[in-house]
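In: Need coordinates for the following:
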Amino acid sequence: MKKLIIKLISLMVISFSSFSCTASNDTKSEIQVSEIEVDKEYSVVILGGGIGALTSGIYLARAGYQPLIIEGDLPGGLITQSHSVENWPGETQISGTDLVDKIKEQAKKNGCIFLSKKVVDIDFSKKPTIITLEDSFRKDKVEKIKATSCVIAMGTSSNYLNIPGEKLYWGNGVSNCAICDGSFYKDKTVAIIGGGDAAVVEANYLSKLCREVYILVRKDQMRAKDKEKIKALEKRQNVEVIYNTNVTEINGDNNQVRSVTLVNNKNNDRSQLDVDGVFLAIGSKPNSTLFKNKIKLDTAGYIKVADDKQTSAKGIFAIGDIIDPIYKQAITAAGDGAKAAIAAQKYLENFDAPKQVIKFANAADIESPRVIEINSYEQFEKEIKSGVPVIIDFYASWCGPCKRIAPMLEDKAKILSGKVKILKVNVEKFRNISSKYQITAMPTIIVIDQNSNYLFKRMGPESISDIFNSLEKIKDKSPSEIDKYLKSLK
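Out: The predicted model follows:
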């Protein structure tokens, strides 16, 4: 009886606190966590930000627990790279990004808290569990939090070929995300390497953009589950499937991909296939290295779970692709998420579940964003002639890594205000600008000096964060001194 009374009071407090955060103005409800209390014990922490994680969050939040969702390096998970999702109940067709955004908004409204950090260590040997977090863009910023219960939803990562040319031309003709980079290959010739569901999805998208699409399959048939989509692809005039083929090298002119070297598995014949771009669709591996020797994994690295999704550690649950070598579907991840959440609730009933204490910025302290969104070509030309160095971020709404760096750009724009101007250009709306600067992958930044001259470009979250972190160290310098520093990086 005593436990029941405590739980009812806890639920009332949490419900009131959730209401007070969301019932005020919309701007405040959208604030990300700015600081977490390391000395507090969180009742449930969800590791991952995909559909399974969000579903767990919704169920747990509605049960009275305010989950802390740590999104990691790819908010929304791999499905955000899918241009068209056609098998989600209730949605005839929706992009992966739009689907995740709808579910994330529901999770927020129910009281879930989101944190853009990366889990770098975890200790299940003690109770509560100790989770070590790292700032994705500041490796020296590490903090620890405690959790009574955890839901692991960290998914999988794409595989790579590890052949000559793959790293050299990464971002300059080699990609593993058609939805991210496909628009740069309109009316060009591309090759897709792989024969599974991912290859079919990539080919379906690229065939609507490219002049020619080659699907290079290692075996004598495609292993994709959706046979109807395979048949539809084979009927397209600009799609050709080449079976029994290994790609042994990606060739180029030191600036861009020009061809791939093929070897026939049957007779070892070698040939060259002229292409402008190469897209990898060769499967994935579970992101479970962090849990090795801490909880039970199978021989392929997938986390072993019971029917209720509990791992070999009590109170620790796992869901989605990180436990699933077979289905790998958004809907099965959502089902896993619901099961784990219900099981976690039962586990937490044995504890006086701690309340989550989150520090938000005060509404009065919220400053309007200082990253400038470009809305016309005329505005772009005006902004780059401002007399200070300019950094331009090229992004797309469906680009996961672009979303990952967005909070950092807003933060750095405030720190560097008046010294460096930061612009955002949506490549979907302004292809003329992205073509002018030969943008071939996202996220990419280009740097313009204070006299409006192009200096250099950087691709990928890590390279971009390195530039901004180095600028933060000289934030007290004058625009001219910062300009001189940027020129030294050419």
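In: quick one, helices of this structure?
Out: Secondary structure of the chain (DSSP state H): helices located at 2-22, 26-29, 51-62, 96-109, 178-181, 197-206, 227-234, 330-348, 377-383, 400-415, 431-436, 461-472, 479-488.
In: elements contacting the fifth one?
Out: Put plainly, it is helix 178-181. Helix 178-181 sits against helix 197-206, strand 277-280, with contacts defined as 3 or more Cβ pairs under 8 Å, 6 or more residues apart in numbering; DSSP states H and E. (Each C-beta comes from the backbone N, C-alpha and C, glycine too.)
In: With respect to Val420, which of those lies nearest?
Out: strand 277-280 (32.5 Å; Cβ to Cβ).
In: what's Gly72 in contact with, if anything?
Out: The contact partners of Gly72, by Cβ atoms under 8 Å, 6 or more residues apart in numbering, come to Leu47, Gly48, Gly49, Lys117, Lys118, Val119, Met154.
In: swap that for Arg404, please
Out: Asp73, Leu74, Pro75, Ser116, Ser136, Pro461.
In: Could you measure from it over to Ala333?
Out: 20 Å (Cβ to Cβ, to the nearest Å).
In: swap in Ile46?
Out: Ile46 is 12 Å from Ala333, by Cβ to Cβ.
In: Lowest average pLDDT across the helices of the chain?
Out: Note on the helices of the chain: lowest mean pLDDT is at helix 26-29, with a mean of 34.
In: Could I get the helices and strands packed on helix 178-181 in a markdown table, plus columns for mean neighbour count?
Out: Below are these laid out as a markdown table (neighbours: other Cβ atoms under 10 Å):
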| stretch | mean neighbour count |
| --- | --- |
| helix 197-206 | 24 |
| strand 277-280 | 26 |
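In: Out of the ones you listed, the one nearest Lys339 is which?
Out: Nearest to Lys339, of these and by Cβ to Cβ, is helix 197-206 at 23.6 Å.
In: Could you give the separation of that closest one from the chain centroid?
Out: On the basis of Cα atoms, centre = their mean, to the nearest Å, helix 197-206 sits 19 Å off its chain's mean C-alpha point.
In: Please work out which residues outside that helix touch it.
Out: With Cβ under 8 Å, 6+ apart as the criterion, helix 197-206 contacts 82-84, 178-179, 182, 185, 190, 192-194, 213, 215, 217, 222, 224-226, 229-230, 232-233, 239, 279, 281-283, 328.
In: among the residues you listed, which ones are buried?
Out: Those of the contacts of helix 197-206 that meet the buried threshold are 82-83, 178-179, 182, 185, 190, 192-194, 213, 215, 217, 222, 224, 229-230, 233, 239, 279, 281-283, 328, by 16 or more other Cβ atoms under 10 Å.
In: residue nearest the centroid of the protein?
Out: In the chain, the C-alpha closest to the average C-alpha coordinate belongs to Leu74, at a distance of 2.0 Å (Cα atoms, centre = their mean).
In: Excluding covalently adjacent residues, which one is nearest to it?
Out: Nearest residue to Leu74 in three dimensions, chain neighbours excluded: Gly400, at 4.9 Å (Cβ to Cβ, 6 or more residues apart in numbering).
In: So which residues of the stretch 151-300 of the chain form strands?
Out: 156-158, 174-175, 189-193, 212-216, 239-242, 245-252, 257-264, 270-274, 277-280, 284-286 (DSSP state E, counting those that start in this stretch).
In: Pro89 is nearest to which of those strands?
Out: Among the strands of the stretch 151-300 of the chain, strand 156-158 sits nearest to Pro89 (Cβ to Cβ), with 23.0 Å.
In: quick one: buried residues of the closest one?
Out: For strand 156-158, by 16+ other Cβ under 10 Å, it's Thr156, Ser157.
In: Dump stretch 184-201 to CSV, keeping only the CA atoms.
Out: Extracted C-alpha coordinates of stretch 184-201, given in CSV (Å, rounded to 0.1, in the frame of the first residue of the first chain):
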residue,chain,number,x,y,z
PHE,A,184,24.1,15.5,-57.0
TYR,A,185,24.0,12.7,-59.7
LYS,A,186,20.9,13.9,-61.6
ASP,A,187,21.2,12.7,-65.2
LYS,A,188,24.5,10.9,-64.4
THR,A,189,25.6,7.2,-64.2
VAL,A,190,25.9,5.5,-60.9
ALA,A,191,26.6,2.0,-59.5
ILE,A,192,25.0,0.5,-56.4
ILE,A,193,26.9,-2.2,-54.7
GLY,A,194,24.8,-4.8,-52.9
GLY,A,195,21.9,-7.1,-53.4
GLY,A,196,19.7,-6.7,-50.3
ASP,A,197,16.8,-4.5,-49.3
ALA,A,198,19.0,-1.5,-48.9
ALA,A,199,20.2,-1.9,-52.5
VAL,A,200,16.6,-2.0,-53.8
VAL,A,201,15.7,1.1,-51.9
